[in-house]
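Participant: next comes the sequence, and after it the predicted model I'd like to discuss.
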Amino acid sequence: MEFVRKYIYIIFFIALWLNFVIWDYVRDEEFKFVENTFQALFFVLFYIFVRWLFGWDKPKKDEDIE
């Protein structure tokens, strides 16, 4: 679980990118790697912004506050 927490944004980016590439191939029968890279990057940055905006990070432990 530590691995997922540490690399959640990279995992999210790769999952979105694969989803977009496969969907474009099924729909248009062509790969759009650059377009899908920017689209997945936008979604990940939007996710990071929403997490920051609403403060969804875990509260720090008492040991870290000192």
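Facilitator: Cool, got the structure. Residues are numbered from 1 along each chain as shown.
Participant: how many neighbours does W17 have?
Facilitator: 18 (other Cβ atoms under 10 Å). From N, CA and C alone the C-beta is placed, and that goes for glycine too.
Participant: and what of F33?
Facilitator: F33: 11 neighbours (other Cβ under 10 Å).
Participant: what's the closest non-adjacent residue to it?
Facilitator: Take F33 and drop its neighbours on the chain: the residue closest to it by Cβ to Cβ, 6 or more residues apart in numbering is V21, 6.8 Å away.
Participant: where's that neighbour, which helix or strand?
Facilitator: Per DSSP states H and E, V21 falls inside helix 8-28.
Participant: what does stretch 42-61 contact?
Facilitator: Y9, F12, F13, L16 (Cβ atoms under 8 Å, 6 or more residues apart in numbering).
Participant: how about 10 Å then?
Facilitator: With contacts defined as Cβ atoms under 10 Å, 6 or more residues apart in numbering, stretch 42-61 is touched by R5, I8, Y9, I10, F12, F13, I14, A15, L16, W17, F20, I65.
Participant: same question, stretch 3-23
Facilitator: 31-33, 35-45, 47-48, 51, 58.
Participant: any of the residues you listed buried? List them.
Facilitator: N36, Q39, A40, V44 (16 or more other Cβ atoms under 10 Å).
Participant: returning to what we had before: would a markdown table of the contacts of stretch 42-61 with pLDDT be doable?
Facilitator: Formatted as a markdown table, the contacts of stretch 42-61 follow (pLDDT from 0 to 100):
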| residue | pLDDT |
| --- | --- |
| R5 | 81 |
| I8 | 90 |
| Y9 | 92 |
| I10 | 94 |
| F12 | 94 |
| F13 | 95 |
| I14 | 96 |
| A15 | 96 |
| L16 | 96 |
| W17 | 95 |
| F20 | 95 |
| I65 | 56 |
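Participant: which two in those are spaced the farthest apart?
Facilitator: Using Cβ to Cβ, the pair of these lying farthest apart is F20 and I65, separated by 41.0 Å.
Participant: the two: which has the busier surroundings?
Facilitator: F20 (19 against 7).
Participant: ok, now how distant is that one from V4?
Facilitator: Distance, F20 to V4, by Cβ to Cβ, to the nearest Å: 21 Å.
Participant: how about V34?
Facilitator: 28 Å.
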